[in-house]
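Next input, structure requested:
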Amino acid sequence: MSTYSQYFAIERKAKTMGIPVNRDEVIAGLTHGRTHSLKALSPHEYRELVNYMNQLVAKQQVENTNVEDKMRKKVI
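Coordinates of the predicted model:
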């Protein structure tokens, strides 16, 4: 695993959506405190991390859509 561009793209998207992401804490939580580094993750752990971050972003997108939809309906 030479590049972590997928993770960094998801992290950037999460931060722009207002999701507070602390990379060290997320990785430590995923590995149960074994490591805080992306480099120390196994390929399986890296995939789990990417999936977890994708789920966070998707959940936030749904919440944002619901809030925006409610605001739109109030105006109508």
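
mind listing the helices in the chain by residue range?
Here the chain has its helices, by DSSP state H, at 5-16, 23-30, 43-75.

Can you report how many residues lie near Q55?
Residues near Q55, counting by other Cβ atoms under 10 Å, number 10. Bear in mind the C-beta positions are built from the backbone N, C-alpha and C, glycine included.

Contact partners for it?
Shown in contact with Q55 (Cβ atoms under 8 Å, 6 or more residues apart in numbering): no residues.

Make CSV out of the helices of the chain and add distance to H36 and mean pLDDT.
Below are the helices of the chain laid out as CSV (distance: least, Cβ to Cβ, whole Å; pLDDT from 0 to 100):
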stretch, distance to H36, mean pLDDT
helix 5-16, 14, 94
helix 23-30, 4, 94
helix 43-75, 12, 85
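
how about those in TSV, adding distance to S37?
Formatted as TSV, the helices of the chain follow (distance: least, Cβ to Cβ, whole Å):
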stretch	distance to S37
helix 5-16	12
helix 23-30	7
helix 43-75	11
